[in-house]
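Student: Sequence plus the predicted model coming up.
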Amino acid sequence: MQSLLIKDTTRAQREEIVRRALSVCGSPCDGCNGCGNLGGGRVDEIYRPYIDGEKELAEINAEYAASRGLVK
């Protein structure tokens, strides 16, 4: 498995990683709440800091889970 860390990927690779991850359900993210993100904004925009090389996926996922009360 390829590393998903920013230091090991290019911007284009990170865009593809996010695109593939979000296409798992087979539905475009526009107006879709299939993943339970109701009221959380566009799912693809949540991962913009990763694509831009600012935050790792693990950081974004942890922040999102904490903001939704999914972890204590």
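Tutor: That came through fine.
Student: before we move on, which element is residue 70 in?
Tutor: Using DSSP states H and E, residue 70 maps to neither a helix nor a strand.
Student: If you could redo that for residue 14, that was the one I meant.
Tutor: For residue 14, the host element (DSSP H and E) is helix 11-22.
Student: same check, this time on residue 64
Tutor: Using DSSP H and E, residue 64 sits within helix 57-67.
Student: If you count neighbours, what's buried in that helix?
Tutor: Residues 57, 60, 64 are the ones in helix 57-67 that count as buried (16 or more other Cβ atoms under 10 Å). Any C-beta I mention is one placed from the backbone N, CA and C, and that applies to glycine too.
Student: Name the nearest residue to the last one, sequence neighbours excluded.
Tutor: Nearest residue to residue 64, sequence neighbours excluded (Cβ to Cβ, 6 or more residues apart in numbering): residue 46, at 6.2 Å.
Student: Distance check, residue 4 against residue 70.
Tutor: Separation of residue 4 from residue 70 (Cβ to Cβ, to the nearest Å): 21 Å.
Student: So for the two, which sits in the more crowded spot?
Tutor: residue 4 (15 against 11; other Cβ atoms under 10 Å).
Student: From residue 69, how far off is that one?
Tutor: In terms of Cβ to Cβ, residue 4 sits 26 Å off from residue 69.
Student: Past the lowest-mean-pLDDT helix or strand in the chain, which element shows up next along the chain?
Tutor: Every helix and strand in the chain was compared by mean pLDDT, DSSP states H and E; the lowest is helix 43-46, with a mean of 77. Note on helix 43-46: by DSSP H and E, the next helix or strand toward the C-terminus is helix 48-51.
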